[in-house]
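In: coordinates only, sequence not included:
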Ligand code: CP
Ligand code: NVA
């Protein structure tokens, strides 16, 4: 996961490292300003400066989505541009056209491409052949757009990100990998509490360690929660994964409920990228409770991605 500058210095965003800490800070700052500048406006109204007027984002979905789909579409509308959605089932990708050829075509017809797909290498292959920025809208390895929104949410709630303490509970999955990457770039702590065999990606952990950010992996949820500013979890079975019964069995001790939140304290924030599986990784009381920031996270996908799009297109 090195700096992913494509042909002619095109700014891809396959991972948070592609942007780096300085650009992430700029993206988060711009997102706060843009969000404040349009507070109370109708959702579809274009920002006063319409910085992406005339620009088009092509979005490829090879997996389901609600938030990513709506927030990127709305992001382009608010920036003055527009979005075109391609679902795998109804595009030629679904009939075997290569991602490379798809990238070449979409680079002629769109100003940027977002892809949600299964294997991370498929997103990399798309970026390698694209001459416009490619954004990772979730792969099996990572979900960097989600963590941009989560960092923005914490800044809103606590005023700062650096030095904060996050406890990830459950599956060490794609969202967890991006959180670890973020911690190493933005100077905050993450502890991962997960069952054996469900740890985050080893290369991601090594990269964080090389940046001086070691991530404790623990087996006890309650101890991970003590002193945490953020308790964060996600589904126990991500899209494309099998064996959900066994996963639910081994991850049950890592469920976030009121007792676990009490251990973290009433100042702690609960985060979940959604969709949630109520009664599994999180209880109704926590997800709907006063400490939950899940709905802010969902809204902040929009605000963070607007500034990300501006960065990708060289306007930030
Ligand atoms: N959190 C998230 O990426 O949601 P969707 O799967 O609905 O896009
Ligand atoms: N880890 C989940 C995130 C969904 C937004 C998945 O990959 O299905």
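Out: Perfect, I can see it now. Values in this document were obtained by computation on a predicted structure and should not be read as measured data. Ligands and ions are numbered 1, 2, ... in the order given.
In: and whichever strand or helix holds residue 311, is it in reach of ligand 1?
Out: For residue 311, the host element (DSSP states H and E) is helix 294-312. No: judged by C-beta under 6 Å from any ligand atom, helix 294-312 and ligand 1 are separated, with a smallest distance of 7.0 Å. In short, each C-beta sits where N, CA and C put it, glycine included.
In: Check which helices and strands that helix sits against.
Out: helix 16-37, helix 67-78, strand 134-136, helix 144-158, strand 269-272 (3 or more C-beta pairs under 8 Å, 6 or more residues apart in numbering; DSSP states H and E).
In: Average pLDDT for that helix, rounded please.
Out: Throughout helix 294-312, pLDDT has a mean value of 99.
In: Please work out which of the helices and strands packed on helix 294-312 is packed deepest.
Out: Of all the helices and strands packed on helix 294-312, strand 134-136 has the most neighbours on average by mean count of other C-beta atoms under 10 Å, namely a mean of 29.
In: What segments of this structure are strands?
Out: When secondary structure is read from DSSP state E, the chain shows strands at 56-61, 82-87, 112-116, 134-136, 165-169, 189-193, 217-218, 230-233, 269-272.
In: how about those in JSON lines, adding distance to ligand 1?
Out: Formatted as JSON lines, those follow (distance: least, C-beta to the nearest ligand atom, whole Å):
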{"stretch": "strand 56-61", "distance to ligand 1": "9"}
{"stretch": "strand 82-87", "distance to ligand 1": "12"}
{"stretch": "strand 112-116", "distance to ligand 1": "7"}
{"stretch": "strand 134-136", "distance to ligand 1": "11"}
{"stretch": "strand 165-169", "distance to ligand 1": "15"}
{"stretch": "strand 189-193", "distance to ligand 1": "18"}
{"stretch": "strand 217-218", "distance to ligand 1": "24"}
{"stretch": "strand 230-233", "distance to ligand 1": "12"}
{"stretch": "strand 269-272", "distance to ligand 1": "9"}
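In: Adding mean pLDDT, write those out as JSON lines.
Out: As requested, these are exported to JSON lines (pLDDT from 0 to 100):
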{"stretch": "strand 56-61", "mean pLDDT": "98"}
{"stretch": "strand 82-87", "mean pLDDT": "97"}
{"stretch": "strand 112-116", "mean pLDDT": "98"}
{"stretch": "strand 134-136", "mean pLDDT": "99"}
{"stretch": "strand 165-169", "mean pLDDT": "98"}
{"stretch": "strand 189-193", "mean pLDDT": "98"}
{"stretch": "strand 217-218", "mean pLDDT": "98"}
{"stretch": "strand 230-233", "mean pLDDT": "98"}
{"stretch": "strand 269-272", "mean pLDDT": "98"}
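In: Format these as TSV; extra columns: distance to residue 50.
Out: Output for the strands of the chain, formatted as TSV (distance: least, C-beta to C-beta, whole Å):
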stretch	distance to residue 50
strand 56-61	14
strand 82-87	12
strand 112-116	16
strand 134-136	20
strand 165-169	36
strand 189-193	37
strand 217-218	46
strand 230-233	35
strand 269-272	32
